[in-house]
Every structure is written in structure tokens, then in C-alpha cells.
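Enquirer: here's my sequence, what's the structure:
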Amino acid sequence: MARDQIDMTPLQSRDELVSWLEAGVKPEAEFRIGTEHEKTPFTLEGHQPVPYAGAKGIGALLDGMKLLLGWEPIMERGNIIGLYDVTGGGAISLEPGGQFELSGAPLDNVHQTQAELMAHLAQVREIATPLGIGFLGLGMTPAWSRAQIPVMPKGRYKIMTDYMPKVGKYGLDMMYRTCTVQTNLDFSSEADMVRKLRVSLALQPVATALFANSPFTEGKPNGFLSFRSEIWRDTDNARAGMMPFAFEDGMGFERYVDYALDVPMYFVKRGDDYIDVAGSSFRAFFEGRNERLPGERPTLSDWANHLSTIFPEVRLKRYLEMRGADGVPWGRLPALPAFWVGLLYDNDSLDAAWDIVRHWTASERQALRDDVPRFGFKARIRDRYLFEIAKECLILSHAGLRRRGRIDHLGRDESRYLDPLERIIEAGRSPAEEMLEKFNGPWNGSVEPAYQEYAF
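Expert: You can find the predicted model right below:
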């Protein structure tokens, strides 16, 4: 999660909320790719969770990274909770259970994404290995119970931890036990945003199946291929899901603002304090009716922070954020931005992708999304298996990346980053299915080998 925004201008009108989103519009020549990935730290000895405090804790890891990188520390009440690259725009942050997140800088092409990732992993290893810390590339911690996982010292997480059990079954699992890889992409107009949002929402289950990588809970198969994706179905449905309204006539920035105004808030940040307003709507706050802050009006920072606590399958901020994929080992990470860039940043591929999904109804899209965590490629929509659709999307993405023609120093275009996904399609099974075969075969019913085979 990004740093909480600081802009204390009080808001006067709904138009300002719309304008804030609209400010994301940029010409195609300025389109960028942002990639965020989370990984679970574990102790190399014993494969246990890593606490925040202590000489070999997460705090020490961040301190070491600060010295190595020269990045600005992000502090909260005297604790280092992240780092920010003032020059390039990247950041390192902590998720609630210590999951270590790189929020990549906005980059021009997937070759740069790959370079950023390799540099990051080399830097992290340099500091983490002497501390006895390794990192796991799975969508969910395969062995630990929720009670075993340490809590990071961030005020917003305390508020969320108290609130989650009131609104869903799996919110705490989402916070403390899951990891994702996301990609953030731009739009050139309101109409372009709507088209990309619709295509990516409808096709998010394809990414879920291709990246499904969380079949274990507490050392045993959990019955799902992406349990991380299943968790989101019962975390907090007031702020998650497939946003059926996005496909209705009149969709645009204003319609998203109206949706976001009614999503319950978590917190308001004032100075170093997080004020718990969980469950009250932004609309009430906007009208000066928040019980904890009577008569007070929100600021642009409050709005930006609130938008970062909405969790649909594709999130609109000043860019679009693809949220359907499990965290994966490093070799597969650049495949996610490559997949979506090929589909969404090439107009021919985007048109063809829209042709695939445009006749699907809201209930069909929802059923596909509901089925994919358990069935992966075997989920169906109308008379088609998701596997066929995934195969088609990969062909479109490949063609889109080739047409983009972003070449590396060896003359290769970005389509090569799809190779891991093409291997998955050739094998006809998701990463989770491969892992389950290992569990039932060479791993002898233990998830322990994952700490070697799926480590960064």
C-alpha cells in the first residue's frame, strides 16, 4: 500500500473528487507501467514468521535497506514502516503481517520492470540474508496460523484489524496471510478509462487462474487453487468485487465517485494520529456528519487515502490497478504487467478483448469470478472453459506487445515476459495444480519444500 497522502485542502464540492480522478488522464506517449509485489518474509532457520522488533526483525531489515539505498524512511511513532525513493518514485512498504512490498516506480516498459525487480531482489538479499530472513513467492502463507503472525506497528492496520471481523469471514486472513502482484496502468481519456476498466474487470479471472498460487492453509491443501482469491469473496463486500455498475450506461469518473462516497471508511489521518471512523461513509464525512469529527470536512488527502481502502478486482485511482493475481516467485512477476500491457496498451488487442467479454452479463461475470478460485481454468462462462479464454487472451497480449515494439538491448520485445504464462497454458494447469502434484508426490505431503522451491 502506498504512503498515506498529505494534502490538507478542505473539499468544497463533489466536482473536486471527480477532478482528482480526472487528473490521471494523460496522453498515450506518457503511459507508464507500475508494478507492486508482496512477498512473505520467513526465518531461514525453522521457516517461522519474522517479528518487527529485534536485531533480526523487519525493522532491522528496513533500517539496513535505508542505509543501502539512501531512500527516505517513512516513519510512524518512531518506527520505520517503509522507504521512499525521492528520485524515482518507488517505495517499499509493509503489509499487516510483515509482507514486504515493492511499489515500483512508473516505468516506460516491461524490460525496465524486470530490471527494477532484479535490482530490488539483489538489494533485499544483501540485507536480509545476514539477518537470516528469506522471502516466499506464494499467494498465501502455506503453513502458519493467523495467531502466529506478528502485527506491524501501523495505525491504520489496528483499525482495520478491529473492523474486519464485523464485515466478513476472511478479512484478517487477507491482511495477515496473503500476497499479491499488481500492475497499475494509465488511461488517455474518460472513455479510455471506462473501456480498460470493463475489459480488465471481466478478464480479471483469467489473471487469477494464470497466477493461482495459494492452495495450502496451515500445511494442508485448502480445496482451492487460489485461496487468496476466495478470501476476497468474503472479506468486505461493501468495498470489494466486480463492480457491475461499471458496465452500465453513464459509467465514468462521476459514477465511480458516487460509488466511493458510499463505501464505508476505515480511518481519518490527522498528523500522526489515525482516527477510527470505521463503518461510516465518506459521503457523511463530506457533508460534515462524521460523529468522530463533527462539522469537519474531508481534505484531498482524506479522499486519496479513502480510495486506497477500496478493494474491487480492478481499482480506479489516477490509474487502473489490476488486483486479481496471487503473489508468485520472482521469475513469473514481470509476466503480470506484460500480460495486461499487451491487452490494454494496444488498441487492436483491447478491441479484440472487448469482443470476447462484451456480451457477458453481470451475473455471468460474477459466477465466473466466484468459480475461479476453486476451479481455475476449469471454471466456465456460457459454453466456454476459462482455459480457452485465457489462451485467447495470451495470444492477444503477445500480439499487442509485439506491436508496441519496445526493444531491449538484445533486440527483444516485451512479449518474452509472457513465456512463463505460455508454459502454463501448454501444460494446461495452473501453478497451484503443479504445486499440489508436488505435495502429493515428491514433497510427501509436506509444504516445507516450498520454502526452497518458491523462495525469492
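Enquirer: tell me where the stretch 51-200 of the chain has helices.
Expert: 58-69, 110-128, 155-167, 171-177, 190-210 (DSSP state H, counting those that start in this stretch).
Enquirer: distance from the longest one to the middle of the chain?
Expert: Put plainly, it is helix 190-210. How far helix 190-210 lies from its chain's middle: 14 Å, per Cα atoms, centre = their mean, to the nearest Å.
Enquirer: pairing partners for the helix or strand just after that helix, with directions?
Expert: Scanning forward in sequence from helix 190-210 by DSSP states H and E, the next helix or strand is strand 216-217. Strand 216-217 has its sheet partners listed here by DSSP bridges as strand 220-221 (antiparallel).
Enquirer: ok, and what's touching the strand it pairs with?
Expert: 215, 436, 439 (Cβ atoms under 8 Å, 6 or more residues apart in numbering). For glycine as for every other residue, the C-beta is placed from the backbone atoms N, C-alpha and C.
Enquirer: can we see that at 6 Å?
Expert: Outside strand 220-221, the residues that touch it by Cβ atoms under 6 Å, 6 or more residues apart in numbering are residue 215.
Enquirer: for the helices of the stretch 51-200 of the chain, which one sits closest to residue 264?
Expert: Nearest of the helices of the stretch 51-200 of the chain to residue 264, taken as Cβ to Cβ: helix 155-167 at 7.9 Å.
Enquirer: buried set for that closest one?
Expert: Neighbour counts over helix 155-167 (16 or more other Cβ atoms under 10 Å) mark 155, 156, 157, 158, 159, 160, 163, 164, 167 as buried.
Enquirer: so the last one touches residue 235, yeah?
Expert: No. With contact defined as Cβ atoms under 6 Å, residue 167 and residue 235 do not form a contacting pair (7.8 Å).
Enquirer: report the separation between residue 54 and residue 298.
Expert: Look at residue 54 and residue 298: by Cβ to Cβ, to the nearest Å, they are 38 Å apart.
Enquirer: these two: which has the busier surroundings?
Expert: Using other Cβ atoms under 10 Å as the criterion, residue 54 and residue 298 rank with residue 298 on top: 22 against 11.
Enquirer: any chance of the buried residues of helix 155-167 in a markdown table, with distance to residue 276 too?
Expert: Shown next, in a markdown table, are those (distance: Cβ to Cβ, whole Å):
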| residue | distance to residue 276 |
| --- | --- |
| 155 | 9 |
| 156 | 10 |
| 157 | 12 |
| 158 | 8 |
| 159 | 5 |
| 160 | 10 |
| 163 | 8 |
| 164 | 13 |
| 167 | 14 |
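Enquirer: which of those sits closest to residue 186?
Expert: When those are compared against residue 186 (criterion: Cβ to Cβ), the nearest one is residue 156, at 26.7 Å.
Enquirer: follow-up on the earlier one: indicate which one of the helices of the stretch 51-200 of the chain is closest to residue 302.
Expert: Between these, helix 155-167 lies closest to residue 302; by Cβ to Cβ that is 12.7 Å.
Enquirer: what packs against the helix or strand hosting residue 42?
Expert: Secondary structure from DSSP H and E places residue 42 in strand 33-43. For strand 33-43, the elements it packs on are strand 100-103, strand 133-136, strand 180-185, helix 335-344, judged by 3 or more Cβ pairs under 6 Å, 6 or more residues apart in numbering; DSSP states H and E.
Enquirer: count residues in the vicinity of residue 72, would you?
Expert: Residue 72 has 14 nearby residues by other Cβ under 10 Å.
Enquirer: gap between the residue nearest the centre of the chain and residue 34?
Expert: For the chain, residue 182 is the residue whose C-alpha lies nearest the centre (Cα atoms, centre = their mean; 3.9 Å). As judged by Cβ to Cβ, residue 182 and residue 34 stand 8 Å apart.
Enquirer: so where's this structure shaky on pLDDT?
Expert: Applying pLDDT under 70 to the chain flags the ranges 1-6.
Enquirer: for residue 432, give me its contacts.
Expert: Applying Cβ under 6 Å, 6+ apart, the residues near residue 432 are 212, 213, 215, 225.
Enquirer: host element of it?
Expert: With DSSP H and E as the test, residue 432 turns up in helix 431-440.
Enquirer: where's the residue of the chain most remote from its centre relative to residue 384, distance?
Expert: The C-alpha centroid of the chain is most remote from residue 295, which lies 34.8 Å away (Cα atoms, centre = their mean). Applying Cβ to Cβ, the value for residue 295 to residue 384 is 55 Å.
Enquirer: same question, residue 282
Expert: 39 Å.
Enquirer: repeat for residue 231
Expert: Applying Cβ to Cβ, the value for residue 231 to residue 384 is 26 Å.
Enquirer: neighbour count: the two, which is higher?
Expert: Taking neighbours as other Cβ under 10 Å, residue 231 and residue 384 compare with residue 231 leading, 25 against 13.
Enquirer: counting by contacts, list what the host helix or strand of the more buried one packs against.
Expert: Using DSSP H and E, residue 231 sits within helix 227-233. Helix 227-233 makes packing contacts with no helix or strand when contacts are defined by 3+ Cβ pairs under 6 Å, 6+ apart.
Enquirer: so what are the sheet partners of the next helix or strand after it and their directions?
Expert: Using DSSP H and E, the next helix or strand after helix 227-233 towards the C-terminus is strand 240-241. Looking at strand 240-241 with DSSP bridges, its partner strands are strand 311-312 (parallel).
Enquirer: this completes my enquiry, with thanks.
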